[in-house]
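**Q** Got a predicted structure here, sequence first:
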Amino acid sequence: MNYQQFKPEETLAFINSRVGQFNPQIGIILGTGLGGLVREVGINHMLDYKDIPHFPISTVESHHGNLIFGTISGCKAVIMQGRFHYYEGYSMYDVTYPIRIMHMLGIQSLLVSNACGAVNPLFKRGDLMIMSDHINFLFDTPFKNQSVSYRNRKLYSDKLISIAEKTALENEITIKKGVYCSLRGPCLETRAEYRMLRKLGADVVGMSTIPEALLSNNFKLNVLGFSIITDVGFPDSLKPAVLEEILEAAAETEPQLTSLMKKILEKLK
């Protein structure tokens, strides 16, 4: 990978020419089927990914491709409506390029969401989970050929997790907490792989989020991750995964996640 082809300063200059000195406090990444939070945002500017110099383009059917600048719950935020995945053929640098830009824009915290499958038998379709930790089975890193200045083993902010748990309790939103494992995808796991993942300590499995969390940690950002469980991977009762059903499950739980995020942001402003 020739990192010289990426020019974040040019990307930042273009964004500032369109949005001015917006100075967002919060970065938000919306995963599969989770773009509804945008309806709650007072939008100042919306930039199509394809118009932003050096920015990747989302190729996944259920992902929009907009970088949104606006205010939600009194917080100025930059929001990715659609993310990038390793399985799309992008490098780790591509996948995490927006995090570099968000960091240059001045965010202090990152809220990231994903859709995933459960391997913990106590979880069910439609559950909402806070990410307490992760297992990286992508077997790659955004730090290849680069120096890493910050190695904190606790990637997900205890403070933000505590705020999220208390906020969920105050608003009677049922929430789980667990370990997210990311595999390369895009193929789904076999029965044997689901058994392995559970034995290794995973509660849910997906194909994203970890690269962004790793780089955010290096930038000393506070990270809070949410997973919506859209299907289950229980080996003895495994059924074919249907995209329409996954999106339906995300849509059913999304209002709870949107409400929770809004109320968390109220406490961060």
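**A** Good, I have the coordinates.

**Q** how many neighbours does Glu9 have?
**A** 10 (other C-beta atoms under 10 Å). Every C-beta, even on glycine, is put in place using the N, C-alpha and C of the backbone.

**Q** secondary structure class for it?
**A** For Glu9, the assignment made with DSSP: H, G, I helix; E, B strand; the rest coil gives helix.

**Q** The residue located most distally from the centre of the chain - nearest residue in space that isn't next to it in sequence?
**A** Distance from the centre of the chain peaks at Asp236, with 29.5 Å (C-alpha atoms, centre = their mean). In this structure, Asp236 finds its nearest non-sequential neighbour in Arg191, 8.0 Å apart by C-beta to C-beta, 6 or more residues apart in numbering.

**Q** And for that neighbour, the neighbour number?
**A** Arg191, neighbours per other C-beta under 10 Å, totals 12.

**Q** Glu252 now?
**A** Using other C-beta under 10 Å as the criterion, the residues surrounding Glu252 number 14.

**Q** Confirm it sits in a helix?
**A** Yes: remark: Glu252 belongs to a helix, assigned using three-state DSSP.

**Q** any idea how far Gly117 is from it?
**A** Applying C-beta to C-beta, to the nearest Å, the value for Glu252 to Gly117 is 16 Å.

**Q** Pop out the phi and psi values for the residue nearest the centre of the chain.
**A** Taking C-alpha atoms, centre = their mean, the centroid of the chain lies closest to Val112, which sits 3.2 Å from it. Main-chain torsions, Val112, degrees, to the nearest 10: phi -130, psi 140.

**Q** wait, what's in contact with the residue nearest to it when sequence neighbours are not counted?
**A** Counting by C-beta to C-beta, 6+ apart, Val112 lies nearest to Ile29, which is 4.3 Å off, once chain neighbours are set aside. Ile29 is in contact with Ile79, Met80, Arg83, Pro98, Leu110, Leu111, Val112, Ser113, Thr209, Glu212, counting by C-beta atoms under 8 Å, 6 or more residues apart in numbering.

**Q** Check the contact between the residue nearest to the centre of the chain and Asn222; I expect there is one.
**A** No: counting by C-beta atoms under 8 Å, Val112 stays clear of Asn222, with 11.4 Å between them.
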